[in-house]
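J.: I'll drop the sequence and a predicted model, then ask my questions.
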Amino acid sequence: MHVHTFYSYDSTITPKELITWAKRRGLDAVAVTDHDVFEGALRLSKNRNFLIIPGIEVSTCYGHVLGIDVRERIPPKLDVTTTIENIHKAGGIAIAAHPTALYRGKLRRHVTAEFDAVEVINASSVPFRFSNHINRKIAERLNLPQTGGTDAHAPLEIGMAYSLVNSNLEKDEIISAIKMGKVKACGKSIPWLMRLKRGRGNY
């Protein structure tokens, strides 16, 4: 539910690598969510051999919001409520991304019931266990569905965290199931050695 391609400023994953590693990890579908750009999702959504759900990770004034199942760019640098409204107008669902991660957790105080779900497991988040715990508390307090995603920026990271969705392998069915809470967040933290290799571009 949260993967980047090299169209994001901080990712090295090519479209071909994304499909290859997603299949190796046993994933059935991937939501491509580049930072404030839509080119990667648009290009990959044309793939006929693997289900790609187009999306975007929008930079708001108070952190990041995932727009899942959108086919257009959502304007960045707006407030959270306006961003959610724009995602809904575009036909997508809005997920609070890593709301409590160190250095990236500015969204924590702005997660409301307007969201469609909360990303409670983010494999890139630090501190991992603490973030997961607090994210779950937020989701439970607001009675929102809980998703998981790797937030992958390098090929080997793909699939370290994921969402188990109780639905058929159809995009609309997956989105509907998430909104109804038929989803479970799973996965683990990206190992530190793997993070260091990401920083050196050594894959």
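T.: That came through fine. Numbering: from 1, shown residues only.

J.: which regions of the chain lie under the pLDDT threshold?
T.: 103-105, 199-203 (pLDDT under 70).

J.: In it, spot the helix with the most residues.
T.: helix 128-142 (DSSP state H).

J.: Buried ones in that one, by neighbour count?
T.: Phe128, Ser131, Asn132, Ile134, Asn135, Ile138, Ala139 (16 or more other CB atoms under 10 Å). Every C-beta, even on glycine, is put in place using the N, C-alpha and C of the backbone.

J.: Need the phi and psi values for the nearest residue to the second one once chain neighbours are set aside.
T.: Translated: Ser131. Distance criterion CB to CB, 6 or more residues apart in numbering; nearest residue to Ser131, sequence neighbours excluded, is Ser125 at 4.2 Å. When read as degrees, to the nearest 10, the backbone of Ser125 gives phi -70, psi 140.

J.: burial measure for Ser125, as a count.
T.: The tally of other residues near Ser125 (other CB atoms under 10 Å) stands at 27.

J.: What ranges does the protein have for its helices?
T.: So, for the chain - with DSSP H - the helices run 15-24, 39-44, 80-89, 128-142, 171-179, 192-200.

J.: Please compute how far the longest one lies from its chain's middle.
T.: Averaging C-alpha positions (CA atoms, centre = their mean, to the nearest Å) puts helix 128-142 16 Å from its chain's average.
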